[in-house]
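> any chance you could fold what I've pasted below:
(chains A and B)
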2 protein chains.
Amino acid sequence: MTKGDADCRETLITVATPLFAEKGFNGVSVREIAGYASVNISMISYYFGGKEGLYAAVLNKQFAVLKRVAEINTMESDPLKKFELYVRATVARYRKSPYLLRFYTSELTNPTPCFATIVKPAIQGVVKILQETFADGLSHHQFREGLDPTDTALALAGMINFYFLIEPATGELVDHSPERDEELIQHIMDIFSKGVLK
Amino acid sequence: MTKGDADCRETLITVATPLFAEKGFNGVSVREIAGYASVNISMISYYFGGKEGLYAAVLNKQFAVLKRVAEINTMESDPLKKFELYVRATVARYRKSPYLLRFYTSELTNPTPCFATIVKPAIQGVVKILQETFADGLSHHQFREGLDPTDTALALAGMINFYFLIEPATGELVDHSPERDEELIQHIMDIFSKGVLK
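Residues are numbered from 1 along each chain as shown, chains lettered A, B, ... in the order given. Predicted coordinates for the structure are as follows:
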């Protein structure tokens, strides 16, 4: 692939991302995407085989960041600190990818064929790491017995993900600015750790 | 309004609900709704003033259930028990309204004009009740000092709402069936209460 090829391909993904995020897969035409990208419409077939392929490329790029959650296993060994790294990574992800939450929620509530191939494996990968982290802490008697690893993993994920989902409705009730992220992370980890530690 | 009038109006709302939920406001035509409802297309203008009015009626019905969260103030005085009633009400809401989560997430991520008039006030109403409940517990020294009422309210709301949002991705990792709801409620209240109590 020459530099020009890569540029055109990347431009199409960059242009298509907000369009798909705001209008959904069915609300966007290849003609519209090609127009905004200032490329010939045939380039979408050439690089992606069609609209489905371009949408899949957009989702692959959006959800690739979830794979980086696996890095917490190489960065830290203490389960509670791993959970904190997960919360930090989640906050950073939403701050860096303004469209991720829309793809995330629209694929969960109105799935396209990409849900089974891209979205679900990415989400399950994160949940499994959190499950294993909790099970590890349980086996070392760090966490209270009786807590279910999956329910606990989803409870932590819920606390941080929901904060970003609800932001448009609660902007006047709570300061959602990035400057307060550190306080938010400490607050969630405070409730969670007291909730699960022995 | 005669019985027939009310029937036609209700039929249009019932038929339009899954269509708007699955295809979004822009993905559905009044012709399509009238066709599925087996009524003349002019009835949508007659009863609702157009597609916007019908969509608003659908959202009003979906989000009216959130107003019932206010009832926890009349049913219980202990803050922690009020939180448990909120969690129970949230679970019951999702079990009874299979389309609520789609309207909830799509309005939060891609708002229509109804977001400001219907969705946001409904969500803020719930968050304010949870804030007040937590502040009440704080003032009675039931909860740990230093916890922020709004962040804590959103943390609890996140634990239970996210469980339903994530279900399509985690169905193989955790049993999301209604039979396990009681266990889920106890589990969330267990983590939350240990996380916030003095």
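> all helices of chain A, in order?
Ranges of helices in chain A, per DSSP state H, are A:3-23, A:30-37, A:42-48, A:51-64, A:72-75, A:79-96, A:100-109, A:114, A:120-139, A:149-165, A:167-170, A:181-196.
> any idea which of those is most buried?
Each of those was scored by mean neighbour count; the highest is helix A:149-165, a mean of 24, by mean count of other CB atoms under 10 Å in any protein chain shown. For glycine as for every other residue, the C-beta is placed from the backbone atoms N, C-alpha and C.
> so is that helix next to chain B?
Yes: with CB under 8 Å from any CB of the partner chain as the measure, helix A:149-165 is seen reaching chain B through A:150-152, A:154-155, A:157-163, A:165.
> what about that helix, distance to the chain center?
The chain centre lies 13 Å from the centre of helix A:149-165; the measure is CA atoms, centre = their mean, to the nearest Å.
> could you check the angle that helix makes with helix A:100-109?
On the basis of axes from the mean of the first three to the mean of the last three CA atoms, to 10 degrees, helix A:149-165 is oriented at 130 degrees to helix A:100-109.
> same for helix A:149-165, what does it pack against?
Under the contact criterion of 3 or more CB pairs under 8 Å, 6 or more residues apart in numbering or on different chains; DSSP states H and E, helix A:149-165 touches helix A:79-96, helix A:100-109, helix A:120-139, helix A:181-196, helix B:100-109, helix B:149-165, helix B:181-196.
> domains in chain A, by residue range?
Following automatic domain parsing, one gets these domains for chain A: A:3-61, A:62-194.
> can you put the ones you listed in TSV and add distance to residue B:12?
Putting the domains of chain A into TSV (distance: least, CB to CB, whole Å) gives the following:
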stretch	distance to residue B:12
domain A:3-61	23
domain A:62-194	22
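> could I get the ones you listed as CSV with distance to residue B:197 and mean pLDDT?
Listed next are the domains of chain A as CSV, based on distance: least, CB to CB, whole Å; pLDDT from 0 to 100:
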stretch, distance to residue B:197, mean pLDDT
domain A:3-61, 41, 94
domain A:62-194, 9, 96
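> out of these, which gets nearest to residue B:15?
With CB to CB as the criterion, residue B:15 lies closest to domain A:62-194 of the domains of chain A, at 18.1 Å.
> related to what we said a few turns ago, nearest to residue B:10, out of the helices of chain A?
Checking those against residue B:10 by CB to CB gives helix A:100-109 as the closest, at 24.6 Å.
> by contact count, what packs against the helix or strand just after that closest one?
Using DSSP states H and E, the helix or strand that follows helix A:100-109 towards the C-terminus is helix A:114. When contacts are defined as 3+ CB pairs under 8 Å, 6+ apart, helix A:114 packs onto helix A:51-64.
> near chain B at all, the helix it packs on?
No: judged by CB under 8 Å from any CB, helix A:51-64 makes no contact with chain B; its nearest approach is 11.1 Å.
> can I get the helices of chain A in a markdown table with distance to residue B:16?
Below are those laid out as a markdown table (distance: least, CB to CB, whole Å):
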| stretch | distance to residue B:16 |
| --- | --- |
| helix A:3-23 | 20 |
| helix A:30-37 | 27 |
| helix A:42-48 | 33 |
| helix A:51-64 | 27 |
| helix A:72-75 | 45 |
| helix A:79-96 | 32 |
| helix A:100-109 | 17 |
| helix A:114 | 27 |
| helix A:120-139 | 29 |
| helix A:149-165 | 25 |
| helix A:167-170 | 23 |
| helix A:181-196 | 38 |
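> between these, which one is nearest to residue B:45?
For the helices of chain A, proximity to residue B:45 was assessed by CB to CB; helix A:3-23 is nearest, at 25.9 Å.
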